[in-house]
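S.K.: no sequence on hand, only this structure:
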C-alpha cells in the first residue's frame, strides 16, 4: 500500500537515493517506488551533488560511506550551496558521536543499519511533512505581476495559465522572484542557483533566461524579464 504522503499529494514525491553499493541502493529505491515515490539513483558523492543542484527533489537518502566521498562532506557542500533538500543519512556507524556529527553538519535524520524498510519510509515522510510545514509557515505564494509560484505545490502560473518548467528553470525562477526588482549579476545567479563559482565562459544562465522568457513573457503579457546592460538580469513588472 502506498504511503499517504506519496499517494495523497497532488504530485508524486521525488527522492534522490545515494548509495555506494548498487545492490543495497537498488533495494532502497525499489522500496520507495513501492510506496509511491519517484526515485533517482546515483552511487557517488559527485553524482549526488551534480544531480541535487540540477534537479528538484523532496528528500535524499544518503549512504554515509561512498566510494569518492564521506556522506558528511556531501551534506556540507549541499548546505554551503544553500540547498535545503532534507537528507536522511544511512550508516552502519551507530556511535552517538557519529550521529551527532551527521546531524550537526546539516543532515535532517540519521538511520542506522540494519533497519526495517517501513522505518525508512516513515522517516522520509516525516522529513517531507516538516519541510512542507516550514514552507507553509514562511508563505508559499510568490507573485510578481500576473506571475505566481506556489512553493508548496511548485506550480507556476501566469494569468491563471499553468507553465511547465524544468527543475533548473524552476529553481532559477524561484530565486529571481525572491529577489524581484533587484539587479542580479550572472555570478550571483550562478552561485545561488547552481552552487558553483561563475565561469565566464559558460552561457548556461543566458540559455535558461531565454527559455523562461519564451515560456513566461508570452504575447499579450507585460514583459517581466529585463536585461540590464553590463549588469545582469532583473525580474519585475
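M.R.: Here it is on my side, so go on. Computed from a predicted model, the values in this text were never measured in an experiment.

S.K.: can you pull the phi/psi pair for residue 24?
M.R.: The phi/psi pair for residue 24 (degrees, to the nearest 10) reads phi -70, psi -40.

S.K.: count of neighbours near it?
M.R.: 14 (other CB atoms under 10 Å). Where you see a C-beta, it was placed from the backbone N, CA and C, and this is true even at glycine.

S.K.: ok, now which ones touch it?
M.R.: Counting by CB atoms under 8 Å, 6 or more residues apart in numbering, residue 24 touches residue 63.

S.K.: mind checking pLDDT for it?
M.R.: pLDDT, residue 24: 88.

S.K.: and what of the one 3 residues further on?
M.R.: What the model reports for residue 27 is a pLDDT of 92.

S.K.: and the helix or strand hosting it, what's buried?
M.R.: Following DSSP states H and E, one finds residue 27 within helix 22-34. Neighbour-count burial for helix 22-34 flags 25, 28-29, 31-32 (criterion: 16 or more other CB atoms under 10 Å).

S.K.: so what's residue 235 closest to, chain neighbours aside?
M.R.: The shortest distance from residue 235 to any residue other than its chain neighbours is 4.2 Å, reached at residue 176 (CB to CB, 6 or more residues apart in numbering).

S.K.: how much space separates the one you found from residue 233?
M.R.: 7 Å (CB to CB, to the nearest Å).

S.K.: list the contacts for the residue lying closest to residue 147 once chain neighbours are set aside?
M.R.: Leaving aside its chain neighbours, residue 147 sits nearest to residue 158 (4.9 Å; criterion: CB to CB, 6+ apart). Contacts of residue 158 were listed using CB under 8 Å, 6+ apart, and they are 146-148, 216, 218, 221.

S.K.: among the residues you listed, name the ones in helices.
M.R.: residue 216 (DSSP state H).

S.K.: take the contacts of residue 158 and keep only those in strands.
M.R.: Judged by DSSP state E, these include 147-148 as members of strands.

S.K.: out of the contacts of residue 158, the closest to residue 164 would be?
M.R.: residue 216 (11.3 Å; CB to CB).

S.K.: can you tell me the closest non-neighbouring residue to that closest one?
M.R.: Of all residues not flanking residue 216 in the chain, residue 158 sits nearest, at 5.8 Å (CB to CB, 6+ apart).

S.K.: is the one you found bridged to anything, and to what?
M.R.: residue 147, residue 161 (DSSP bridges).

S.K.: next up, the contacts around residue 192.
M.R.: Per CB under 8 Å, 6+ apart, neighbours of residue 192: 82, 175.

S.K.: near residue 41, how many other residues are there?
M.R.: Neighbours around residue 41, by other CB under 10 Å: 19.

S.K.: what do you get for residue 97?
M.R.: Around residue 97 there are 8 residues (other CB under 10 Å).

S.K.: and it, what pLDDT?
M.R.: In this model, residue 97 carries a pLDDT of 73.

S.K.: from residue 76, how far off is it?
M.R.: 17 Å.

S.K.: repeat that for residue 22.
M.R.: Here the criterion is CB to CB. By it, residue 22 lies 25 Å from residue 76.

S.K.: again with residue 37
M.R.: From residue 37 to residue 76 the distance is 25 Å (CB to CB).

S.K.: same question, residue 19
M.R.: 19 Å.

S.K.: quick one, which of these two is more surrounded?
M.R.: Using other CB under 10 Å, the more surrounded residue of residue 19 and residue 76 is residue 19, with 24 against 14.

S.K.: can you pull the contacts of that one?
M.R.: By CB under 8 Å, 6+ apart, residue 19 lies in contact with 25-26, 28, 41, 43, 61, 63, 90.

S.K.: thought residue 35 was touching residue 121?
M.R.: Yes. Under the criterion of CB atoms under 8 Å, residue 35 makes contact with residue 121 at 5.1 Å.
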